[in-house]
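[1] Sequence first, then the predicted structure, then my questions.
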Amino acid sequence: MNNSYSKGLILCLLATLSWGAMFPIMTDALQYIDPFNFTTIRYGIAGLVFALILLRIEGKKGFDLGGERWGLAWLFGTFGFAGFGFLVFLGQHMAGPSGALTASIMMATMPMLGLLTIWLLKKNRPHASTFGFILMSFSGVLLVITNGNAAAVINSPSNLVANLLLISGALCWVLYTVGASYFPHWSPVRYTTITTLLGMISVITIDVVLVTTGYIAAPNISTVVIVTPHLMYLALIAGLMAVLCWNAGNKIITPTNGVLFMDVVPVTAFIISALSGVVPTPTQLMGAAITAVALILNNLNQRKLLQAKLSMVTGRN
């Protein structure tokens, strides 16, 4: 294993470790502040830092959207930051103490959600065997969110809504990730920065509407001071550092290998939650394991299908 490949593995590991810690940290932050104001401040900080990085790397031309599909960039930014940030953390908050565990396992379903999204958006139908792994993955998720008691979740409207919000938030991030393919000539830093800044239009608008209508209260200074460590972690570590590490790591080891690291997210969240007193049940651990196995098996299956396709092309030539 060469040094470059090892570097890619380390970068992907750092990214997913930081994402796994994000959910238990949010459990504590949500005791003091609502997910809407938190998300607005978080992405405001991250967006500013990304803008400075883009300015440093690409100069003012990196912000020039003349002739670009800025409307589409705004839409994907809205999915990625308003959709993901608001829906996931609101769902986590509604799910209560176990919300961090449920939210983290939802992140491990993103590769499967990505296959379905690409099928719908780009008419690239997954292989028949892939659907089996998708069903296997979601069966594991169901074990985690129901803890083996589906009736209790169905009969509890708040739990049902929380889970729907979480899966919707995960889907929003998948749409945001797929959105990068619509801007192939943009660098990862430019795509992240432009979509963050444009997405903040939606984030701020939604937040202002919720405050002015009385749905949420404007955060006071003392509250912001309390959650400042949480904000710094989610904005600079789970946001800025993790995204840069993830993009750089996947460029080295390829997304086919990088996607396996998504299993690190729930594992990290489960360990940190257990240390803080929220211990996952055996049923939830089994569900997480099923989802992880589905992800690994699907990854191996995709490699096999790709190899078969390459062999066919080589044979024809």
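    Received it, and whenever you're ready, just let me know what you need. In this text the structure is predicted, and so the values were computed from the model without any measurement.

[2] Surely Val144 is in contact with Thr102?
    Yes: between Val144 and Thr102 a contact is recorded at 6.0 Å, counting by Cβ atoms under 8 Å. Quick note: C-beta positions are derived from backbone N, CA and C, even for glycine.

[3] Give the closest residue to the residue most central in space within the chain in space, chain neighbours not counted.
    By Cα atoms, centre = their mean, the chain has its centre lying nearest to Trp173, at 5.2 Å. Take Trp173 and drop its neighbours on the chain: the residue closest to it by Cβ to Cβ, 6 or more residues apart in numbering is Phe84, 4.5 Å away.

[4] That neighbour contacts Thr177, correct?
    No: taking contacts as Cβ under 8 Å, Phe84 lies outside contact range of Thr177: 10.1 Å.

[5] Output the contacting helices and strands for the longest helix along the chain.
    Longest helix of the chain, by residue count under DSSP state H: helix 282-316. The contact analysis (3 or more Cβ pairs under 8 Å, 6 or more residues apart in numbering; DSSP states H and E) places helix 282-316 against helix 99-107, helix 110-122, helix 128-146, helix 255-258, helix 264-275.

[6] Turn the ones you listed into TSV, including distance to Tyr191, mean pLDDT and mean neighbour count.
    Converted to TSV, those look like this (distance: least, Cβ to Cβ, whole Å; pLDDT from 0 to 100; neighbours: other Cβ atoms under 10 Å):
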stretch	distance to Tyr191	mean pLDDT	mean neighbour count
helix 99-107	20	81	28
helix 110-122	16	77	17
helix 128-146	27	77	18
helix 255-258	15	66	16
helix 264-275	22	82	21
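
[7] could you dump those to TSV with distance to Leu197?
    Converted to TSV, those look like this (distance: least, Cβ to Cβ, whole Å):
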stretch	distance to Leu197
helix 99-107	24
helix 110-122	24
helix 128-146	33
helix 255-258	25
helix 264-275	26
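
[8] After the worst-scoring helix or strand of the chain on mean pLDDT, heading C-terminal, what element do we hit next?
    Lowest on mean pLDDT, DSSP states H and E among the helices and strands of the chain sits helix 150-154, with a mean of 63. On the C-terminal side of helix 150-154, the nearest following helix or strand under DSSP states H and E is helix 157-179.
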